[in-house]
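[1] Take a look and give me a structure for this.
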Amino acid sequence: MKELLEETGRIDVLVNNAGYVLTGGAEETSMVEAKAQFETDFFGHVRMTKAVLLTMRKQGSGQIVNISSTAAILPVPFEGYYATAKAALLAWSEALRHEVKSLSIKVSVVEPGFFKTNLGHTRKVAKYTIRDYDELRQRAIATLDDDFENGADPRLVGETVLRIIASRNPKHEYAVGRERRYKTLKHLMPQSIIENGVRRHWKLDR
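    Numbers count the residues shown, from 1 in each chain. Model (predicted):
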């Protein structure tokens, strides 16, 4: 950061895109594994943001774009801690947006769905498993692998970030990808229909 400021004298944009997927049921995942997930997927963004805010406040401008996930709105079974970290990032970013808006600093969040990236290939798995969950977990992971493999072109996310940076008045949230429609549907449709659809997609009912 010091070297960057010495070279440029300012920081106009920060795009936070740190993250990895941790697979494991809520009961199966250890506290150490859960905390490690948050250290990267939530606190990693927090640390980077805090590192640039002083400079942005001094220069009277700046833009922060945090990459969350549609999983923050519609969590994936056996990926609960990933979803929770991304949901925390979404809420924290909204609070931050209000705090820094009068200082001419903009904050937005991008919520990608499934894209064809290395995120699925670099997935970490909880060390200890519980046999009662084996069948359900294996079904959900198989479906998740298919969703990643058939994901959209990640350039869509990059293009969205560029539009946010170019916008004079960017919104708080930008859902990207085929899955973005589920964000709207979750607020419009009865909860029972959404829940049944989720269980059907992830093959959770025997």
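
[2] longest strand of the protein?
    Identified as the longest strand of the chain according to DSSP state E is strand 105-112.

[3] all helices for this protein, in order.
    Residue ranges of the helices in the chain, as given by DSSP state H, are 2-8, 31-41, 43-59, 80-100, 134-149, 155-166, 180-188, 191-201.

[4] Which residues outside the third one are in contact with it?
    Spelled out, that is helix 43-59. If you take CB atoms under 8 Å, 6 or more residues apart in numbering as the criterion, helix 43-59 is touched by 1, 5, 10-11, 14, 16, 18-19, 62, 64, 66, 89, 92, 96, 100, 103, 105. Backbone N, C-alpha and C define where each C-beta goes, glycine included.

[5] Try it again at 7 Å.
    Contact partners of helix 43-59, identified using CB atoms under 7 Å, 6 or more residues apart in numbering, comprise 1, 5, 10-11, 14, 16, 18, 62, 64, 66, 89, 92, 103, 105.

[6] who touches the closest residue to D41 other than its chain neighbours in this structure?
    With CB to CB, 6 or more residues apart in numbering as the criterion, D41 has its nearest non-adjacent residue at 3.7 Å, and that residue is A85. Residues near A85 by CB under 7 Å, 6+ apart: Q37, F38, D41, F42.

[7] How much space separates the residue nearest the centre of the chain from T84?
    Most central in the chain under CA atoms, centre = their mean is S68, positioned 2.1 Å from the mean C-alpha point. To T84, S68 is 11 Å away according to CB to CB, to the nearest Å.

[8] What of T160?
    23 Å.

[9] my guess is D147 contacts F114, does it?
    Yes. If you go by CB atoms under 7 Å, D147 and F114 touch, sitting 4.4 Å apart.

[10] between the two, which one's more packed in?
    The neighbour count for D147 versus F114, taken as other CB atoms under 10 Å, is higher for F114 (22 against 18).

[11] Tell me the confidence at that one?
    Each residue has a pLDDT score; the one for F114 is 89.

[12] In this structure it contacts D145, no?
    No. Between F114 and D145 there is no contact under CB under 7 Å: 10.4 Å.

[13] Might you report the residue contacts of E6?
    No contacts exist for E6 under CB under 7 Å, 6+ apart.

[14] One more: Y128?
    Contact criterion CB under 7 Å, 6+ apart gives E28, S30 as the residues in contact with Y128.

[15] For it, what are phi and psi?
    Taking degrees, to the nearest 10, you get phi -110, psi 130 for the backbone angles of Y128.

[16] sorry, back to before: and the residue nearest to D41, how close does it get to G44?
    Plainly put, A85 is 10 Å away from G44 if you go by CB to CB.

[17] Ok, A152 next?
    25 Å.

[18] remind me which residues of this protein are low pLDDT?
    Of all residues in the chain, none has pLDDT under 70.

[19] 80 instead, please
    The chain contains residues with pLDDT under 80 at 1-6, 118-121, 206.

[20] Count the neighbours of D132 for me.
    Look at D132: counted by other CB under 10 Å, it has 11 neighbours.

[21] Please compute how far stretch 75-82 lies from its chain's middle.
    12 Å (CA atoms, centre = their mean, to the nearest Å).
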